[in-house]
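Visitor: no sequence on this one, just coordinates:
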């Protein structure tokens, strides 16, 4: 990375257009709202990370020395709730998606800017209610809230936590709605569906799940609250209800929610792989439609969480079959990303390292998902550490790596500054090593029979737990480094040009950081997605000096 | 506990475990193969096609339908091999064998209670003979639990309000872990114990050392009398104002709505706890509910008695306690 000593151009951009707290809290600019989200989800991520470290520290010893079982149960529950509902689900869509969906399609903003701001306030309200529940005493049901434990037996703040999750769900619905309408109606002239970057396709698919799935979790939590407060008998067998019904309802949302978490990550990785090898994505339409296939099939596989729960054998078989079916579009993506690299011009910049790491970890996460879709093997593995390892490979190895990769990739556009490349590469490597050391031993633990959510465990599992904790410490360091240098770079990083990576995407054809209205004029798209061209032949939107444009990384 | 030469796999101690392991090794092999293949290809591409000059623009390649078809169909075929193998094994395992030794299991926060058909009760320990099929008929007094035997590669959730079953045939003697695998509250991680697999002769000795108690069926018979069941169902289950219980277990019962229902454990349990849910044809809803009157263990005892009425041609109840004393030493060793 060349350093630019040129003073920042005194252009007006979305960051310096207005000043003051009010200009942020009442903004209707999708880019500023993205930053509001970025700040708030980072806080939740740190909180969830502290819980994760407490879990790993406690499991160093088979006899649990730091906390009581009640505290341990609250810690893993709150780790799950914070990470799933307040970090993973909003992570990429609400930050990168919010920032980039309008920019990538050549729009001034999302279709409903006020609703976009409202979604952030709803998210914050949900978050505050949940934090209140944690401070008031916490919750110990597991993030899955299974009945009748959560309705009758738990003495913790189940309803308050549920209310927080319930509220934050509406922000998800509003974001999804906004994206769908925007992508349908606000594409720039010439931006046809098949010229859309794959990031947009994956966000479109994600939005479908958000608006179709989230209402179901809202209803489920509502029923849970009624059952707990008024004992209406929906889930209690003594009153004619069925506890398994809760699991069906819960997973009807929560399995698709996994795709809410990972599909945007897949979109980011499609951008990273294509742009950092300067190749168009191999099999563009297969990658695009595989996102939609995942969104649709994802709604039909929830029963694979119930193979040992007392579901009928035949239902189990149908769900097993469909779970294998949903694996195919994911496999297709992995193969297409790999093929995209063929005869490319592959850069080793930090975002690409995260992108490549994603493919590796997502492959392992996906393949181990097949173990759990295989009925007889799932009977043994269900509710063990194998499951824990599997979903962390998807959510941390997948979503988190894509999020970090995307954050580095678009950092110059978002902030107008470059992050330090050396530190970036170093921490990407640390994250990759730390992650694998944390979660590979957990696959072995799971097959050896170590059940999840165990505070005390038999001594023979200790060696693998110690390895896992060692890995988690490395992973923690790997995540603290970028937190520091990204904050540092916002003030001291080298000034970024409009197009530091030398790329054809619309977001790179306007200034960094972009003006409030994104483009000086409505862009007219005459090129395909990922159509790489020499910098001086590329059309830009607006007028730039050479230094503002140049500088390939 | 773990075999020394295969630290990645727990000890294999049931007829099921070797079959699950075989499938697991197949899955692991395919996973390692594809992970290494994809990792290798990516590494090769990343090195071979690294950026050599900052301004180079490689020639675009749009895609290939042949390749797309190949890498959709090949994984699908492999996935289907997982599916059929896993489903076949699961299907076989889901049907408990008829000739199995039955053990009743009641889970409660945070202990396991086992009761053998011959009356012996245990807590957090389960003694079974090697080489015999054992069927566990399980229910819970409170929340959902899950009885997991890692060395047998089986587990099943235990759900309030119904009976679930799992079965195994141990192939090795020894003492192995049993765990609760469904999160059930504060001491979830302490809700475990041992399954102790013994030679059949040792097992018989163990049973004989614990005979000083009533069999489940005779306890059930006593309950049947004290709860007043006999006044409607007949003192030996021959029927009266209520339907006859002789031979009812495992039969098909005609209901008042015209449907028939198979009288399995769940039906019997429901008929005790919520009698009006499924009325036998020709009988009115006169039986009171026993919800809250009997606990899960007593339901199991009543059920054993009702079952014993079906296994014998005469109305004679199950064998009365042999050397019964009132103070039966119960092997209860709560942790």
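Guide: All right, it came through fine. Model, not experiment: these values are computed from the prediction.
Visitor: can you pull out the helices in the stretch 1-150 of chain B?
Guide: For the stretch 1-150 of chain B, the helices defined by DSSP state H, counting those that start in this stretch occupy B:15-48, B:65-94.
Visitor: ugh, typo on my part, it should be the stretch 401-550 of chain A
Guide: Under DSSP H, counting those that start in this stretch, the stretch 401-550 of chain A gives helices at A:401-415, A:421-447, A:462-492, A:546-549.
Visitor: what about the helices in the stretch 151-300 of chain B?
Guide: Per DSSP H, counting those that start in this stretch, the stretch 151-300 of chain B carries helices over the ranges B:200-208, B:216-226, B:230-233, B:265-273, B:296-311.
Visitor: Select, out of these, the one closest to residue A:460.
Guide: helix B:200-208 (25.6 Å; CB to CB). All C-beta spots, glycine's among them, are computed from the backbone N, C-alpha and C.
Visitor: List of residues touching that closest one?
Guide: B:116, B:118, B:120, B:127, B:128, B:129, B:130, B:131, B:132, B:198 (CB atoms under 8 Å, 6 or more residues apart in numbering or on different chains).
Visitor: could those go into TSV alongside neighbour count?
Guide: Shown next, in TSV, are these (neighbours: other CB atoms under 10 Å in any protein chain shown):
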residue	neighbour count
B:116	21
B:118	17
B:120	23
B:127	21
B:128	24
B:129	20
B:130	18
B:131	14
B:132	15
B:198	19
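Visitor: Tell me the one among those nearest to chain A.
Guide: Set against chain A, the nearest of the contacts of helix B:200-208 by CB to the nearest CB is residue B:128 (18.1 Å).
Visitor: which residues pair with the closest one across the strands?
Guide: Counting by DSSP bridges, residue B:128 forms beta bridges with residue B:197.
Visitor: Might you report the residue contacts of it?
Guide: B:101, B:103, B:134, B:170, B:195, B:196, B:197, B:198, B:203.
Visitor: ok, so what distance separates the residue lying closest to residue A:332 once chain neighbours are set aside from residue A:284?
Guide: With sequence-adjacent residues excluded and distances taken as CB to CB, 6 or more residues apart in numbering or on different chains, residue A:332 is closest to residue A:290, at 4.9 Å. Distance, residue A:290 to residue A:284, using CB to CB, to the nearest Å: 11 Å.
Visitor: Spatially central residue (nearest the centroid) of chain B, please.
Guide: residue B:166 (2.6 Å; CA atoms, centre = their mean).
Visitor: Can you mark which positions in the helix or strand where residue A:315 lies are buried?
Guide: Element membership for residue A:315 (DSSP states H and E) is helix A:313-341. By 16 or more other CB atoms under 10 Å in any protein chain shown, the buried positions in helix A:313-341 come out as A:316-317, A:319-341.
Visitor: That helix versus helix B:15-48: what angle between them?
Guide: Relative orientation of helix A:313-341 versus helix B:15-48 (axes from the mean of the first three to the mean of the last three CA atoms, to 10 degrees): 20 degrees.
Visitor: In terms of secondary structure, what does helix A:313-341 contact?
Guide: Packing contacts for helix A:313-341, counted by 3 or more CB pairs under 8 Å, 6 or more residues apart in numbering or on different chains; DSSP states H and E, involve helix A:243-276, helix A:284-297, helix A:350-373, helix A:375-381, helix B:15-48, helix B:65-94.
Visitor: Might you enumerate the residues of the stretch 51-200 of chain A proximal to chain B?
Guide: A:69, A:70, A:73, A:140, A:142, A:144, A:146, A:148, A:149, A:152, A:153, A:154 (CB under 8 Å from any CB of the partner chain).
Visitor: who are the neighbours in contact with the third one?
Guide: Contacts were defined as CB under 8 Å, 6+ apart; by that measure residue A:73 touches A:140, A:142, A:453, A:455, B:183, B:185, B:186, B:188.
Visitor: Give me the below-cutoff pLDDT ranges for chain B.
Guide: Residues of chain B meeting the criterion pLDDT under 70: B:1-6, B:210-213, B:311-335.
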